[in-house]
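> No letters, just coordinates:
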């Protein structure tokens, strides 16, 4: 019971109060670049969730049973980024060959994810926070879901912006960032929510 | 034949690059590891000195509270008499884990609070590091709570706009009080 | 003489015309994340600049040796090594900066500016030019971070350069630790150091830099999608990410 409560608290924290995009500024490039349409945004986010969870599942044992065991913690950054890069390539090849429809929906976003700081970020943060395997997995899932939520909400906002009369100086990127700022304000409202639910 | 070469050459090149990179990193680590450990030790020693004024030496002991193990430092004066304790505890705050060192005198009164690690918002949660906030705890005993308008003796004035951080620091201090009580109980 | 002039150009283009943050819109994550205080912005800028120069030099020196098939992983290894070296040095000598930057220090690895310059410049140019390009881009990155952090720290916390002594103490003993601005420090507009303030200030800065650029008859800064993306060459969607999506859905 205690365990479930903790996992739920970690999940909600990752989605709402510590949203990767809107509170931690990780994964801003795809957030701004691939959020013009709700459909693209959700496809990209699903691919991110998939890679985040998979990367955590692979890097956690590598860190625990290889790096920490042999006092090689200083190799974390380099090992993790290579593992993520290799993993992304592998997933892309497998999807392309065996699951064509899934590849068409998600696979096309995969190469963009290698250099997405959200993936490396979640892996590093899990280790920094000393999370157990289960907690790490839940945190990664939450981070991914938070990314999805932010992306889809923001894509909705941007679709509306298309038809708005925007002052010339702010057209394009500036108004996008200001819209992101407002979406981010709405997430500030979640501050304290998780703490009050789980005390 | 050509096909195999096309795979082997890049693989070998990549392997070589990784090898050189790892060797370089191993070397840097070798050079900096001692220094990093020393910096961490110095920071901890400095924090211990500042929360237990007048201490010249510390003696460490492991204390079990519930399921967790804490290291409790007993502060010693020049004659080797115990003059207080210092304990490091951690908890979750807004931007991640915070680590707090709390100093007590022999009667269990708080003599100092130092924030060792914190990654909260500058201008808000980060104000926990300010002397203004930390001095709130001085001289207090027992279980403390956070309040926006403190009236009772055991209430701590919350940092404006950063209740979560204030709560987290106070939980750390309360945990430290529990450790000291366990330590003193064990000594009796 | 001609050589010198072109090197000067490589340097200055990173500052203004091709400023990585304000014109190319690269490295947005660290720009938004560490610009809450001027001193951590300077620290981040310096760390990224050193990595950028070193990786540009090594990649340029090895540009004829690295097989093109594995060049992206090779670049990533080179960059990650330098990032780790910097990380270890910072931990050992400037521990305060390490705790201020936190996870964003190792995340320099995935800073698009660095991989982007490796792919776009260092892999095609001589060592010296690549080093100068790295320096220019790094200084441009640091300058943009400094500007943003100044606005956010002054308005959001009412201070300027607080915490700078942790950085300076590496070089000399100094007690200088920034300024506290009267009035603003008692009534800070906290929203500016929070996440929404980051997006807002960045948006306004891009708008201003666009206005300046247009006055000079240059293009507005836009997210370029695939052109600026260092992964473009290995990416299966040649062309715009959005366009490919249309094709697939049809």
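Thanks, I have it. None of these values were measured; they are calculated from a predicted model.

> where are the low-confidence patches of chain C?
C:1-5, C:172-174, C:222-250 (pLDDT under 70).

> Would you map the helices across it?
Per DSSP state H, chain C carries helices over the ranges C:2-15, C:28-34, C:38-61, C:71-93, C:95-101, C:112-117, C:127-157, C:164-168, C:195-215, C:241-249.

> Same question for chain A.
Along chain A, counting by DSSP H, helices occupy A:2-12, A:28-33, A:38-62, A:76-98, A:100-105, A:110-114, A:117-128, A:133-161, A:173-188, A:193-198.

> re earlier: can you list the helices of chain C in CSV and add distance to residue A:136?
For glycine as for every other residue, the C-beta is placed from the backbone atoms N, C-alpha and C. Shown next, in CSV, are the helices of chain C (distance: least, CB to CB, whole Å):
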stretch, distance to residue A:136
helix C:2-15, 39
helix C:28-34, 21
helix C:38-61, 26
helix C:71-93, 21
helix C:95-101, 22
helix C:112-117, 26
helix C:127-157, 31
helix C:164-168, 31
helix C:195-215, 24
helix C:241-249, 30
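
> Of those helices, give the one that comes closest to residue A:105.
helix C:241-249 (7.9 Å; CB to CB).

> mind checking how far residue C:199 is from residue B:149?
Residue C:199 sits at a distance of 34 Å from residue B:149 (criterion: CB to CB, to the nearest Å).

> more crowded one of the two?
A direct count of neighbours by other CB atoms under 10 Å in any protein chain shown for residue C:199 and residue B:149 places residue C:199 higher, at 26 against 7.

> what stretches of chain A score poorly on pLDDT?
Residues of chain A that meet the criterion pLDDT under 70 lie in A:1, A:108, A:115, A:192, A:195-196, A:198-199.

> swap the cut-off to 80 and go again
Counting by pLDDT under 80, chain A has low-confidence residues at A:1-2, A:29, A:33-36, A:40, A:101-102, A:104-116, A:191-199.

> Make TSV out of the helices of chain A and add distance to chain C.
Supplementary listing: the helices of chain A in TSV, determined by distance: least, CB to the nearest CB, whole Å:
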stretch	distance to chain C
helix A:2-12	17
helix A:28-33	4
helix A:38-62	5
helix A:76-98	4
helix A:100-105	5
helix A:110-114	4
helix A:117-128	4
helix A:133-161	11
helix A:173-188	3
helix A:193-198	16
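
> Adding mean neighbour count and distance to residue B:107, write these out as CSV.
Formatted as CSV, the helices of chain A follow (neighbours: other CB atoms under 10 Å in any protein chain shown; distance: least, CB to CB, whole Å):
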stretch, mean neighbour count, distance to residue B:107
helix A:2-12, 15, 34
helix A:28-33, 24, 52
helix A:38-62, 21, 45
helix A:76-98, 18, 45
helix A:100-105, 15, 67
helix A:110-114, 24, 57
helix A:117-128, 25, 37
helix A:133-161, 21, 39
helix A:173-188, 20, 43
helix A:193-198, 14, 33
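
> Let me have those helices in TSV, extended by distance to residue C:126.
Formatted as TSV, the helices of chain A follow (distance: least, CB to CB, whole Å):
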stretch	distance to residue C:126
helix A:2-12	50
helix A:28-33	30
helix A:38-62	37
helix A:76-98	27
helix A:100-105	41
helix A:110-114	28
helix A:117-128	30
helix A:133-161	41
helix A:173-188	34
helix A:193-198	54
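
> Which residue is the nearest non-sequential neighbour of the closest residue to chain A within chain C?
Residue of chain C nearest chain A, by CB to the nearest CB: residue C:203 (3.1 Å). Nearest residue to residue C:203, sequence neighbours excluded (CB to CB, 6 or more residues apart in numbering or on different chains): residue A:177, at 3.1 Å.

> From residue C:53, how far out is the one you found?
According to CB to CB, residue A:177 stands 29 Å off from residue C:53.

> Residue A:156 now?
From residue A:156 to residue C:53 the distance is 42 Å (CB to CB).

> looking at the helices of chain C, which is closest to residue A:80?
Taking CB to CB, helix C:71-93 is the member of the helices of chain C nearest to residue A:80, at 8.8 Å.

> Off-centre distance for that closest one?
15 Å (CA atoms, centre = their mean, to the nearest Å).

> any idea of the angle it forms with helix A:117-128?
Interaxial angle of helix C:71-93 relative to helix A:117-128 (axes from the mean of the first three to the mean of the last three CA atoms, to 10 degrees): 40 degrees.

> shouldn't residue C:196 be in contact with residue A:188?
Yes. Using CB atoms under 8 Å, residue C:196 is in contact with residue A:188, at 6.8 Å.

> Show the contacting residues for the nearest residue to residue C:67 once chain neighbours are set aside.
Residue nearest to residue C:67 in three dimensions, not counting chain neighbours: residue B:10, with 3.9 Å by CB to CB, 6+ apart. By CB atoms under 8 Å, 6 or more residues apart in numbering or on different chains, residue B:10 lies in contact with C:67, C:69, C:70.

> Contact partners for the first one?
What it means is residue C:67. Residues counted as contacts of residue C:67 (CB under 8 Å, 6+ apart) are B:9, B:10, B:13.

> Who are the contact partners of the last one?
Looking back up the chat, that one is residue B:13. Residue B:13 neighbours (CB under 8 Å, 6+ apart): C:65, C:66, C:67, C:70, C:74.

> near chain C, which residues of chain B?
Contact residues, chain B versus chain C (CB under 8 Å from any CB of the partner chain): B:9-11, B:13-14, B:17-18, B:21, B:24-25, B:28-29, B:32, B:35-36, B:39-40, B:43, B:96, B:117-119, B:121-124, B:161.

> Which among these count as buried?
B:10, B:13-14, B:17-18, B:21, B:25, B:28-29, B:32, B:36, B:39, B:43, B:96, B:118-119, B:121-124, B:161 (16 or more other CB atoms under 10 Å in any protein chain shown).

> how about the residue most central in space within chain A, what does it touch?
Of all residues in chain A, the one closest to the mean position by CA atoms, centre = their mean is residue A:144, 3.9 Å from it. Listed by CB under 8 Å, 6+ apart, the contact set of residue A:144 reads A:45, A:48, A:49, A:50, A:52, A:53, A:122.

> of all those, which two lie farthest apart?
Across the contacts of residue A:144 (CB to CB), the longest gap, 13.6 Å, separates A:45 and A:122.

> in chain B, what secondary structure element scores lowest on mean pLDDT?
strand B:57-65 (a mean of 79; mean pLDDT, DSSP states H and E).

> Residues in contact with that one: which ones?
B:45, B:48, B:52, B:69-76, B:80, B:86-87, B:175, B:178-179, B:182-183, B:186.

> What is the burial count for residue B:151?
When neighbours are counted by other CB under 10 Å, residue B:151 comes out with 6.

> scratch that, residue C:191
17.

> Pretty sure it sits against residue C:201.
No. Using CB under 8 Å, residue C:191 is not in contact with residue C:201; the gap is 10.3 Å.

> In stretch C:122-132, which of the residues would be classed as buried?
C:122, C:123, C:125, C:127, C:129, C:130, C:131, C:132.

> ends of that stretch, how far apart?
Criterion CA to CA, to the nearest Å; first-to-last residue distance in stretch C:122-132 is 10 Å.

> can you list the residues that contact it?
C:6-7, C:10-11, C:53, C:55-57, C:59-61, C:63, C:71, C:75, C:121, C:133-134.

> Turn the buried ones among the residues you listed into a named PyMOL selection, would you?
A single PyMOL command selects the buried members of the contacts of stretch C:122-132 (16+ other CB under 10 Å):
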select buried, chain C and resi 7+10+11+53+55+56+57+59+60+63+71+75+121+133+134
